[in-house]
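Student: following is a predicted model, sequence given first.
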Amino acid sequence: MIKNKRIYLIILLGLLFLPLLSNVLLEKRIFSDLENRYLTSTVKIDKDLLKSGVLAERLEAFVQDQFPLRESFINLKSDLEVLLQKKENNGIYYGKDGYLFGKAKNYQETIFKKNLDALIAVSDESSLPVGIFIVPPSQLVLTEHLPRYYTPLKEGKYYEEIMKILKPTGAPHGIEVLSPHRGEGIYFRTDHHWTQRGAYEGYKALMESMDLQPVKLASYEPVLVEGFQGTFYSKFRGNIAGSEPFIYYEAEAADLKVYYPATEVQEDRIIFEERLSTRDKYAAYLNGNDPLIEIRNEDALYDEKVLVLKDSNANAMSPFLVDTFKEVHYLDLRYFNLPLSEYLEENGFDRVLCIYGMDSVGEDENLIKLAK
């Protein structure tokens, strides 16, 4: 018995000190690109921390973050859970054909209702034409890829409630728009966004809802980049989930003027190819999220100035929008704090587009700014 206790003690001490030893002998891991967070790389031994219990928590985080071959162990754990048919991993479901799906969320009723009221207010109170597209989550469209134990009843109820309230605005029904194209790669397997192919179908429906002619997808050449692992993969991990191609379409415009007021940076592109070699390949669109981006294309289809109120789902639509409208202002209310009414009045827009994912409508309190 005493011998067994000693063995257990040696194993326990080994598990504790192996990361400490590797931290001395091996290069310290500071940041996890895949998880997009800083790792616990040092632990300060302090009497007060020991008494409060905080030291134990920090030691646990240190051991988890600095354990040798950490990434391999995390991937192995995920693969084993798939093989054992565990239903979900870190809030992500593993579906058929390698598709990953997010777990259903419970929206706060007050936020959900206020955001819907704000969208209606933009449409009703604006003297400008307003187009709205709400992107449904992939589980409401790619139903044939869902695991057999997962039926997205809650998500379906939320989306139908949104469309019922927005029906007077003429907003296209996203599920009806995208479902006929479900076999055309309209959503990523490993990410929560739609692909640019899916964004085109949303763009086309949005243009047609406002009696505008959309640009033709056939006039764009697809560019394929291997090795994309999206936000769902970052939570799920494993070799079974793997990676997927990232396919994008560049804007046709030969002479783009792109301005970022927050940093006073001037560009001539909206696809930032250097981002394609990083984990976050989706950030290649517009170089990620910014409070405000002003884009001008003299060769656009329509001589109009358009305000796009959006979340990151609209980024994949940007090449099509800038080829359609002479001037496009991309405004992300998460990072923009001036009154929207003031910005509209100062800039003389011809129309307004609202492009959001369903979760933004259900969770993002910044959408309330639409009514201000």
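Tutor: All right, it came through fine. Numbering: from 1, shown residues only.

Student: okay, now the domains of the protein?
Tutor: If you go by automatic domain parsing, the domain ranges for the chain are 2-68, 98-371.

Student: where along the chain do the strands fall?
Tutor: Here the chain has its strands, by DSSP state E, at 31-32, 37-38, 88-89, 92-94, 100-102, 130-135, 222-228, 244-249, 256-260, 265-267, 292-297, 302-310, 325-331, 351-357.

Student: for the fifth one, give me every contacting residue.
Tutor: Think strand 100-102. Residues from elsewhere that reach strand 100-102 (Cβ atoms under 8 Å, 6 or more residues apart in numbering): 91-95, 137-139, 145-147, 150, 152, 189-190, 192, 232-233, 236, 241. Where you see a C-beta, it was placed from the backbone N, CA and C, and this is true even at glycine.

Student: paired strands for it, with orientation please.
Tutor: strand 92-94 (antiparallel) (DSSP bridges).

Student: check contacts around residue 153.
Tutor: Taking Cβ under 8 Å, 6+ apart as the test, residue 153 contacts no residue whatsoever.

Student: oops, could you answer that again for residue 87 instead?
Tutor: Neighbour list for residue 87: 93, 147, 149-150 [criterion: Cβ under 8 Å, 6+ apart].

Student: list only buried entries from those residues.
Tutor: 93, 147, 150 (16 or more other Cβ atoms under 10 Å).

Student: how much space between the second one and residue 92?
Tutor: Note on residue 147: its distance to residue 92, by Cβ to Cβ, to the nearest Å, is 11 Å.

Student: and the helices in the stretch 101-250 of the chain?
Tutor: Assigned by DSSP state H, counting those that start in this stretch, the helices in the stretch 101-250 of the chain fall at 109-125, 153-166, 174-178, 196-209, 231-236.

Student: buried subset of the contacts of strand 100-102?
Tutor: For these, a neighbour count by 16+ other Cβ under 10 Å gives the buried set as 92-95, 137-139, 145-147, 150, 152, 189-190, 192, 232-233, 236, 241.

Student: so what pLDDT did residue 56 get?
Tutor: pLDDT recorded at residue 56 is 60.

Student: I meant residue 186, not that one.
Tutor: 98.

Student: that one and residue 218: what is the separation?
Tutor: Plainly put, residue 186 is 17 Å away from residue 218 if you go by Cβ to Cβ.

Student: these two: which is more packed in?
Tutor: Taking neighbours as other Cβ atoms under 10 Å, residue 186 and residue 218 compare with residue 186 leading, 23 against 6.

Student: which residues touch the more buried one?
Tutor: 141, 178, 194-195, 197-198, 201.

Student: please redo it, this time with the cut-off set to 6 Å
Tutor: Neighbouring residues of residue 186 by Cβ atoms under 6 Å, 6 or more residues apart in numbering: 178, 194-195, 197-198.

Student: next, give phi and psi for it.
Tutor: Residue 186 has phi and psi values of phi -90, psi -10 when expressed as degrees, to the nearest 10.

Student: okay, the closest residue to it other than its chain neighbours: pLDDT?
Tutor: Excluding its sequence neighbours, the residue lying closest to residue 186 (Cβ to Cβ, 6 or more residues apart in numbering) is residue 198, at 3.2 Å. On the pLDDT scale, residue 198 is placed at 98.
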